[in-house]
Every structure is written in C-alpha cells, then in structure tokens.
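*Asks:* Below are the sequence and a predicted model for it; my questions follow.
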Amino acid sequence: MPTLSEITSDFAVLDDWEDRYRYLIELGRGLPPLPEALRTDANKVRGCASQVWLATSTRHADGRREFSFLADSDAHIVRGLIAILAAIYNGRSVDEVLALDPDPIFGKLGLKEHLTPQRSNGLASMVARVRADAAASAQGAPAT
C-alpha cells in the first residue's frame with residue numbers, strides 16, 4: 001500500500017479528475033482482502049450509500065497502542081477512499097488517530113470538491129467510525 005506522501009504526490013501529477021478517479025480505483029484494488037468473518041453487521045459502517053465494513057484493532061508496539069484497520073466496500077471508488085484512510089491512520093498511535101483532522105488532507109487531494117455528496121457523507125461516516133473505535137480503544141474497550 002502506498003504511503004500518504006506517495007498518494008499526495010501521485011494526485012499532484014494527475015491533471016484531470018477522470019485520471020484521479022482511475023487512480024482511486026487502482027488504490028482500492030491494492031487493499032488487502034477483508035476476511036469474510038469480518039463482514040459482520042457490527043463492522044458495517046452506517047451512513048454510507050455503499051456497503052462498507054471496517055474492522056479496527058490496536059496492539060502494543062514500541063510502548064504505545066498502535067491503531068490499524070481492515071476495510072472493504074462493494075464500490076470501487078469507496079475502496080480507494082478506504083486506501084487513503086488506511087494511509088492516514090494505520091500504524092499511528094491511538095492518541096494520534098484521535099488528534100488527527102483528515103479534512104486538510106482531503107482538501108489537498110481535492111476530494112471535497114470532486115466527490116458526490118453521498119460519497120462525502122460516506123467518507124465522513126468512515127472517519128467518524130475510525131475515530132469512535134480509536135476513542136473506545138483509548139478508554140480500554142477493545143476495538144471492533
């Protein structure tokens with residue numbers, strides 16, 4: 001999976017949004033598969049027009065609680081958005097996840113201006129789910 005820096009650089013060299021949409025789809029194709037066992041109602045993200053499953057976890061690494069998630073969708077562009085969220089959040093500490101505002105990143109990528117309102121709402125729902133699971137983990141509850 002590409003890093004956030006690589007994704008940002010790739011977006012910068014793509015001139016038109018048709019190319020950027022194709023790149024989003026390509027990013028989504030690179031997502032690791034979501035095991036069928038994680039495609040549960042509890043892992044479903046509410047507020048998305050497409051079906052989205054998001055399963056978070058934390059582990060102790062280098063003296064901190066490291067956050068990560070696996071996710072999938074039935075929509076190609078949404079899978080690409082999931083890949084961007086993974087580049088933003090996976091591997092960060094729970095505290096970093098809670099402190100990080102992804103809106104400036106989305107703005108830099110031009111997502112706000114070029115996503116349909118439904119996709120924007122779905123992206124916001126995915127971010128809210130990531131943050132809620134990180135908050136629950138910070139309070140000692142297991143991530144879902």
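*Replies:* Arrived safely. Predicted model, so just to flag it, every value in this text is computed and none were measured.
*Asks:* Contacts for the helix or strand of the chain with the lowest mean pLDDT next, please.
*Replies:* Least confident helix or strand, the chain: helix 111-114 with a mean of 87, by mean pLDDT, DSSP states H and E. Applying Cβ atoms under 8 Å, 6 or more residues apart in numbering, the contact partners of helix 111-114 are Trp17, Arg20, Leu81, Ile84, Asp103, Phe106, Ser120, Leu123. Placement of C-beta: from N, CA and C, glycine included.
*Asks:* roughly how far apart are the most far-flung residue of the chain relative to its centre and Asp101?
*Replies:* Ranked by distance from the centre of the chain (Cα atoms, centre = their mean), the top residue is Gly63, with 24.4 Å. Remark: distance between Gly63 and Asp101 (Cβ to Cβ, to the nearest Å) = 25 Å.
*Asks:* Same check on Gly91?
*Replies:* 18 Å.
*Asks:* what's the answer for Arg129, then?
*Replies:* With the distance defined as Cβ to Cβ, Arg129 ends up 16 Å from Asp101.
*Asks:* cool, Leu4 as well?
*Replies:* Taking Cβ to Cβ, one finds Leu4 at 14 Å from Asp101.
*Asks:* Over to Thr8?
*Replies:* To Asp101, Thr8 is 16 Å away according to Cβ to Cβ.
*Asks:* So the two - more neighbours on which side?
*Replies:* Between Thr8 and Asp101, counting by other Cβ atoms under 10 Å, Thr8 is the more crowded of the two (15 against 9).
*Asks:* Okay, and the more buried one sits in which element?
*Replies:* Using DSSP states H and E, Thr8 sits in helix 4-13.
*Asks:* which secondary structure elements does that helix contact?
*Replies:* The helices and strands touching helix 4-13, judged by 3 or more Cβ pairs under 8 Å, 6 or more residues apart in numbering; DSSP states H and E, are helix 17-29, helix 76-89, helix 103-109.
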